[in-house]
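Trainee: Fold the following for me, if possible:
(2 chains)
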Amino acid sequence: MKNVEQKALQVAEDEVLQAPTSWSCTLRFMVVMAVLLGLVYPLITTAVGGWLFPEQAGGSMIRDSSGRVIGSNLVAQIFVSDGYFIGRPSAAGNDAGSVSGSNLAPSNGALRERAETDAQAIAQREGVSVDQIPIDLITASGSGIDPHISPEAARLQVTRVAQARQIDEASVTALLDPALDNVGWLGSPVINVLRLNASLDERYPVTPGADSAAGTGDIPLNTVE
Amino acid sequence: MNDMIAIYALVALLSAPLGLYIGRALGSKRTRVDALFGIIERPIYHLAGISCHQSMTWRVYALAILKLHVGLILLAWLVFMFQGVLPLNPDGVTGMSWDTALHTAVSFATNTNQQHYSGQAQLSHLSQTLAIVTLQFLTPATGLAVLVAIARTLLATRSANVVKGVGNYYQDLTRSVIRVLLPLAVIVALLLTWQGVPASYQAAHQIEMLDTQVEEVQSIPLGPVASMVAIKQLGTNGGGWYGPNSSVPLENPTSLANVIETASLTLIPVALLFAIALISGRRRLMLGVGAVMVAFSLVSTSVVVYSERMPNVALTELSLPGANLEGKELRFGTDLSALWGSWTTQTSNGSVNAMHDSFNPMGGMMLLMDMFVNVTFGGVGVGLIGFFLYLMLAAFVGSLMVGRAPELFGKPLETREMRWISLAILAQPLIILGLSALTVAMPQTAQNSNPGFHGLSQVLYEFTSAFANNGSGFEGLSDGTPWWNLACVVALLIGRFLPMLVPLAVAGWLAGKRTAPAGRGTLPMDSLAFMGLTAGVIVIVNLLGFLPALVLGPIAEAVVQGF
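Mentor: Take a look at the predicted model:
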């Protein structure tokens, strides 16, 4: 109430502050605000968010059937073996610690060189001509850890994956739908590569030695550790 | 398409009620929320030992802003340099070099958030919160405070008499933070956590890849990311937790998260049109301003969306035909990346969900032009302040065209005002083009990742982004060098404080003058003709300044490519 009275008094006198705020008040104000906004606010929202949505708050990690963390639903991994679907090219080696796009302009010769190399490798690997490759497989994503490929890009790889795992193509195709993201009202459906490959390992593990280029699911991973 | 509709609908539906709320919460009249927020605000004033009720002259107001920012820059600078030995550093990040730390501190203290580092690897959790999140709240709040101060003096309709004070900075600032930014940020932070943005103080996960043929170990850095991303989007800040910003799935995980983050980009800048209409009572004027902004925005967004639907020429016949997906995330596609890109450059935000460096030349050029104009909604507060600066120039030009002594809202515009207004407007091409010319004259300093015309575009974009307090970049530039850091600091400081404080000063000067009664020859500022004139002034001033540079950069690039 006292403040209100003061205010009324000041307005009546048309009194205007002519002297600058002192440094000590400025710095005290800064410290109060820094503690409130830079420490209390993140702590509270992080605590409440982590309590309401523990899975998401911790990085949306995916576990296999034995409960071992195999990666994040939101971070692409590198796949080179024939028994796995491959994701989009990454300018960052798919490491979320050094995320990056290629930052190559359309006019940059290096972009065409990289895309040509990628396209030829994919064409050879999948046994198709380059003009059948969906564009997402030869363009680097913005983050370098885009976890998705288009459904077309996945279908292109079904034959090769099925052969490497010595199963029929229909069994592989059946795993595509559960790996779809963006299936709701928003966005257009895309395939989550890590989830797809993890489900392949769960269902159709490659026995060691059966295919030289393909690794198996859980067992060797544990021995690597 | 659904995403587009959802984003536009969210902004359209929420901006009016939010704007009216902001107008009431920050206006001079007492409101019901005073008691509620007073619980937090009174202890702040008390602890700081600050009287919040006395109105300040514009000089005291401006000085209070500058003093606080000197303190904030020093605080952030020290935190960045010594983060290695400070707490909340689970990943063992080391201190930043003095020049990158200085650039980062100034960049965040000017609401720019230009980043010459990659946050997830080079900043501790303490730096990301205590230094960065604090600035991400206080800088948009400062813009908001100055805007309100200008609205209550320059635009005030009732006071024909002389007004001395423009308001109290600490009260305007605190109210902007506590009543507007903080509640919105809490809501958005929780929504984003729900969608998958990390909220944790843990160290990074270290993951063995599923494919045993791959030897590398993948690190997945976490942190209190959601709380930062919320205010990054709402406060036209733009500096992300992870280097490539909201293109990173951890920072922008799903289509719904993208809708929320994109709508948050423009929500407050659009809402401020309603807030200022309420505070000043000049509804027709703000309607006109809004119409110009919407027109600029739709033109820019359409061009960028069209440009990115076109194929990338580097990829011709290497795949099935498709839009330009280089540097873009598949879950968003090109339209939503283009929408974000154009909005983020219009609103001086600077966050990205795709790499602008890899946009097609016409798209990239439109982003540059958005930043030259910088008042298509613009940054929180400063967008409208910048628009008022152009309005002042248009009033001057318009008055002379009809043969009247120049005036603004009935107050005479004289030599002192026009000298400073011209300086604030001309500083932009001078600084951007001057520093760009210096940099390309010393090729060893430029560090471009792209050759030819696009190399020039990269340099131009960096300084434009710094001066416009945008913060996005053609990120191929290796810009963590002393030259880039220090040259950008100059552009950042002048680009922030000159166009913000000159209109405040003009408002203060004009408030001390008597209002002339409107006569037959008076140029009505809320007329269609005057808004057309203002739009024309904005376009002409920017084309005069920057067309030659655009011809050498993106236009040459586009012509060589064939579109």
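
Trainee: what's the domain layout of the chain?
Mentor: By default, I'm working from chain A. A:22-58, A:60-216 (automatic domain parsing).

Trainee: meant chain B actually
Mentor: Split by automatic domain parsing, chain B gives B:2-206+B:219-281, B:384-561.

Trainee: so how far is the longest one from its chain's centroid?
Mentor: Translated: domain B:2-206+B:219-281. Averaging C-alpha positions (C-alpha atoms, centre = their mean, to the nearest Å) puts domain B:2-206+B:219-281 11 Å from its chain's average.

Trainee: Just the terminal-to-terminal distance for that domain.
Mentor: 36 Å (C-alpha to C-alpha, to the nearest Å).

Trainee: Minimum distance to residue B:530: which of the domains of chain A has it?
Mentor: domain A:22-58 (39.6 Å; C-beta to C-beta). Where C-beta positions appear, they are placed from N, C-alpha and C, glycine not excepted.

Trainee: Quick one: end-to-end length of stretch A:61-73, please.
Mentor: 6 Å.

Trainee: Does chain B have contacts with that stretch?
Mentor: Yes. For stretch A:61-73 and chain B, the contact criterion (C-beta under 8 Å from any C-beta of the partner chain) is met by A:61, A:69-73.

Trainee: Mark which of these are part of strands, please.
Mentor: A:61, A:69-72 (DSSP state E).

Trainee: Dump these to TSV, plus distance to residue B:401.
Mentor: Formatted as TSV, these follow (distance: C-beta to C-beta, whole Å):
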residue	distance to residue B:401
A:61	65
A:69	70
A:70	70
A:71	65
A:72	61
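
Trainee: between those, which is closest to residue A:87?
Mentor: Once C-beta to C-beta is applied, the member of these that ends up nearest residue A:87 is residue A:71, at 11.7 Å.

Trainee: Check the gap between the closest one and residue A:62 for me.
Mentor: In this structure, residue A:71 and residue A:62 are 6 Å apart, going by C-beta to C-beta, to the nearest Å.

Trainee: now swap in residue B:49 and tell me
Mentor: Note on residue B:49: its distance to residue A:62, by C-beta to C-beta, is 52 Å.

Trainee: quick one: which helix or strand includes the closest residue to residue B:307 other than its chain neighbours?
Mentor: Distances taken as C-beta to C-beta, 6 or more residues apart in numbering or on different chains put residue B:363 closest to residue B:307, at 3.5 Å, once the chain neighbours are dropped. Assigned by DSSP states H and E, residue B:363 belongs to helix B:361-373.

Trainee: Can you tell me which helices and strands that helix packs against?
Mentor: Helix B:361-373 sits against helix B:283-309, helix B:333-346, helix B:452-467, helix B:528-550, helix B:556-561, with contacts defined as 3 or more C-beta pairs under 8 Å, 6 or more residues apart in numbering or on different chains; DSSP states H and E.

Trainee: what about the second one, near chain A?
Mentor: Yes. Figure legend: helix B:333-346 in contact with chain A (C-beta under 8 Å from any C-beta); contacting residues B:333, B:337.

Trainee: For that helix, the averaged confidence score.
Mentor: Average pLDDT, helix B:333-346: 97.

Trainee: Helix B:283-309 and that one, what's the angle between them?
Mentor: Angle between the axes of helix B:333-346 and helix B:283-309 is 140 degrees (criterion: axes from the mean of the first three to the mean of the last three C-alpha atoms, to 10 degrees).

Trainee: Looking at residue A:71 and residue A:62, which one has more neighbours?
Mentor: Shown here are residue A:71 and residue A:62; by other C-beta atoms under 10 Å in any protein chain shown, residue A:71 has more neighbours (27 against 19).

Trainee: What residues of stretch B:50-61 count as buried?
Mentor: B:50-58, B:60-61 (16 or more other C-beta atoms under 10 Å in any protein chain shown).

Trainee: oh sorry, the question was meant for stretch B:205-215
Mentor: Residues B:205, B:207-212, B:214 are the ones in stretch B:205-215 that count as buried (16+ other C-beta under 10 Å).

Trainee: Below-threshold pLDDT in chain B: ranges please.
Mentor: B:157-163, B:563 (pLDDT under 70).

Trainee: just so I have it, where are all the strands in it?
Mentor: Counting by DSSP E, the strands of chain B are B:55-56, B:205-208, B:217-220, B:407-408, B:411-412.

Trainee: To chain A, which of those strands lies closest?
Mentor: strand B:217-220 (3.7 Å; C-beta to the nearest C-beta).

Trainee: what's the offset of the closest one from the middle of its chain?
Mentor: Using C-alpha atoms, centre = their mean, the offset of strand B:217-220 from its chain centre is 33 Å.

Trainee: possible to save the strands of chain B as a markdown table with distance to residue B:516?
Mentor: Output for the strands of chain B, formatted as a markdown table (distance: least, C-beta to C-beta, whole Å):
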| stretch | distance to residue B:516 |
| --- | --- |
| strand B:55-56 | 25 |
| strand B:205-208 | 68 |
| strand B:217-220 | 65 |
| strand B:407-408 | 7 |
| strand B:411-412 | 7 |
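
Trainee: Just put those strands in a markdown table and tack on distance to chain A.
Mentor: Shown next, in a markdown table, are those (distance: least, C-beta to the nearest C-beta, whole Å):
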| stretch | distance to chain A |
| --- | --- |
| strand B:55-56 | 5 |
| strand B:205-208 | 5 |
| strand B:217-220 | 4 |
| strand B:407-408 | 22 |
| strand B:411-412 | 19 |
